[in-house]
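**Q** build me a model from this:
(2 chains, ligands or ions: 2)
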Amino acid sequence: MTAETHVELNRSKQPFPVVTTSILGVLMAIGLVVAIIRFINGIGAISNLSDGRAWGLWISFDLYCGVALAAGGFTLAATVYILNLKKYYPIVRSAILTAFLGYVMVIVALMVDLGQPWRIWHIIIYWNPHSPLFEVGWCVLLYTTVLALEFSPNVFERFNMQTPLRLIRTIQIPLIIAGIVLSTLHQSSLGSTLLLMPDKIHALWFTPILPILFLLSAISVGLAMVILETSLASKGLGHQVDLDILAGLGKALPYLLGLYLVVKLGDLLVAGELDLMFSSGLYSLLFLVEIVGGVILPLVLFALPAVRLSRTALLWSSLLVVLGLVLNRLNVSLIALAPRPGTMYVPHVLEFAISIAVVSAGILAYILANRYLPIAEHEHPAGHRPVVEVG
Amino acid sequence: MAKGMLIDLTRCIGCRGCQAACKQWNDLPAEPTSNWGSYENPPRRSANTWTTVTFNEVSEGDRLDWVFAKRQCMHCEDPACAAACIVGALRKTPEGPVVYDDHKCIGCRYCTLACPFGVPTFEWDTPVPYIRKCTMCVDRQAEGMEPACAKACPNEALLFGEREELLQEAHARLEAHPEKYVDHIYGEKEVGGTSNLYIASVPFDKLGFPTLGPEAIPRYANVAMAAVPPTIVVVSAAMAGIYWITKRREQMMSQKVSVPVEQWPKPDQDKED
Ligand code: SF4
Ligand code: SF4
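**A** Numbering: from 1, shown residues only, chains lettered A, B, ... in the order given. Ligands and ions are numbered 1, 2, ... in the order given. Here you go, the predicted model:
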């Protein structure tokens, strides 16, 4: 079987990355120790969070950024299975893997951030349909389940379990559609959570359409993440993916980024707040860096055929989109969100330790999954590159 | 009928009897503090200090006023904290108080961010933390008693009663002594109204009260949440529709044209599953 040979090929080609895994392991161990301290002495013992600012790095980075960066799973699933663009089939599995790992990472981070994480199941029995966070909670729960199912064929194939494989394939399309619906809700609901702080978020970022902006930016960054991650995996894991595929994704980005830009600036225009872009000091600067560096610049770059012909240029351009999104989420939920008067918040070094440990665990899981599961099943072995067609 | 409290800051003498009474009734431990240059102590409310009296030096024209303001949960009519709470642990009761259920809370602290008055506080230094805030002494009210703070106040700065009656009383005081009060009942309209009402001799923004509009805080979130069911229907239908069209097109193509369906010739690409 081709699948088997490819897996074998990957395994034999690359020696086990001992150094990388050791470093990741140490970072995870540090995080584990910090987490143990937290469960003995409380969140205050390892963080600078306070009543003045009760959400910090973990929510802004691990939740807001994490969920958006995992959007590649549903955008690619929609591209391949709903739009029926089979060209992208070779990378849909790794996109779903990233999304699945991303969501697991979000959940792990929440286990540290929540005051009583052992009560997380309360959202199943105590409902508050008015709460955007209730929507977020349910979406995390359901979409992680859907992602686990979408991911499961990798495991079933690896161990040659035919019955569950057939079962999953019969419900594949409903599953994909459920994943898209849940992602739409989830990405936007993260924006909705901020709608309860209308008087605290700087007007450059606060708008009643935050949910829509969150969704649009997540779709763009989902594709950018797939390009970035596939490019990095090509380098690090030796799964060479056709340039044609990456270029094709890149071609969609100017449209998606353009739509986001128009809606975002249009909203400011309608609100009569465009002048804030230049009159709010540091906030203006952050806003402009986010918009120019993370939206307009990559929009132009991805529109250039020369960029789409170069793996390096694609990698860097997609990195811009990713960094732009991270800055946006940090801006709206951390920097431009006013703390209670008389208080301030700068993340504690141990807060970083937790976030770094969670990301390390995700990277390690990604490396291991790519080694031992048929993620790259349909890829071409390196060196065999078909003709590039960019139009 | 909904209860509330009328807090007349012109009557407050800054004795902090209410602060002590609150601690006593609710069994809250004292907090270690140090002199930080103000009588206001502790400097902030916390899970162990649900109400504090703030000491404000306000210059109005050529006058310097020292104004004391007891601060605590406002018990909003349409509370942001209750809209925020992921498990509905916070709830507005028809009797007025916004109450908290220890048994439901998962400690997400969303309530602390949503509250426009900076009220809910969290137990940061325990392994099993809860949210804490003023309860308007629901437990005392259940026994027919007024809140501990109102009971303790020696100068009738805190008047407990029916919100409607208190509102009338507030208007009456403003009318009777326009020279004594600014023409503003804080809490009458703010964020859709609050059970607790304030009147004072100086503008409220000079006392550290947030300036808030008359619309309830959950207004935007409510719109977003109402959009959830239609979004589910529209997105599922759209995706199913597009899937049907693309599949159909693929079938038609494979019937009309005799070359393989894949327009992207990849010799070693596996068949779609
Ligand atoms: S003041 Fe804050 S905590 Fe109190 S009811 Fe209003 S929103 Fe809730
Ligand atoms: S911390 Fe508790 S009371 Fe506050 S929103 Fe979360 S679950 Fe509700």
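**Q** where does the closest residue to residue A:214 other than its chain neighbours fall, secondary structure wise?
**A** For residue A:214, the nearest residue in space outside its immediate sequence neighbours is residue A:191; the separation is 3.3 Å by CB to CB, 6 or more residues apart in numbering or on different chains. Using the backbone N, CA and C atoms, a C-beta is placed for each residue, glycine as well. Using DSSP states H and E, residue A:191 sits in helix A:172-193.
**Q** flag every buried residue along that helix.
**A** If you call a residue buried by 16 or more other CB atoms under 10 Å in any protein chain shown, then helix A:172-193 has these buried ones: A:172, A:175-193.
**Q** report the distance from that helix to the chain centre.
**A** Averaging C-alpha coordinates over helix A:172-193 and over its chain gives two centres that are 13 Å apart (CA atoms, centre = their mean, to the nearest Å).
**Q** stretch A:311-322 now?
**A** Once both centres are worked out by CA atoms, centre = their mean, stretch A:311-322 turns out to sit 15 Å from its chain's centre.
**Q** buried sites along it?
**A** By neighbour count, and taking 16+ other CB under 10 Å as the criterion, the buried residues in stretch A:311-322 are A:311, A:313-315, A:317-322.
**Q** could you do stretch A:118-132 as well?
**A** Residues of stretch A:118-132 classed as buried by neighbour count (16+ other CB under 10 Å): A:119-120, A:122-123, A:126, A:128, A:130-132.
**Q** and chain B, which of those contact it?
**A** Filtering those for proximity to chain B by CB under 8 Å from any CB of the partner chain leaves A:119-120, A:122-123, A:126, A:128, A:130-132.
**Q** among the residues you listed, which are in helices?
**A** Secondary structure assignment (DSSP state H) places A:122-123, A:132 from these within helices.
**Q** contacting residues for the residue in the stretch 51-200 of chain A positioned nearest to ligand 2?
**A** Closest to ligand 2 within the stretch 51-200 of chain A is residue A:115: 6.4 Å, counting by CB to the nearest ligand atom. Residue A:115 makes contacts with A:43, B:105-109, B:122-123, B:129-130, as judged by CB atoms under 8 Å, 6 or more residues apart in numbering or on different chains.
**Q** okay, it: pLDDT?
**A** Residue-level confidence at residue A:115 comes out at 96, pLDDT.
**Q** now stretch B:138-148 - C-alpha only, CSV.
**A** Backbone C-alpha positions of stretch B:138-148 (Å, rounded to 0.1, in the frame of the first residue of the first chain) are rendered in CSV as follows:
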residue,chain,number,x,y,z
VAL,B,138,-30.4,38.8,51.3
ASP,B,139,-30.1,36.5,54.3
ARG,B,140,-31.0,39.3,56.7
GLN,B,141,-33.8,40.5,54.4
ALA,B,142,-35.2,36.9,54.5
GLU,B,143,-35.5,37.4,58.3
GLY,B,144,-37.2,40.7,57.9
MET,B,145,-34.1,42.7,58.8
GLU,B,146,-32.5,45.6,56.8
PRO,B,147,-28.9,45.2,55.5
ALA,B,148,-26.2,45.3,58.2
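**Q** buried residues in it?
**A** Counting neighbours by 16+ other CB under 10 Å, the buried set in stretch B:138-148 is B:138, B:140-141, B:146-148.
**Q** out of the residues you listed, which comes closest to ligand 2?
**A** Of those, the one sitting nearest to ligand 2 (CB to the nearest ligand atom) turns out to be residue B:138, at 15.7 Å.
**Q** without its sequence neighbours, what residue ends up closest to that closest one?
**A** residue B:97 (4.7 Å).
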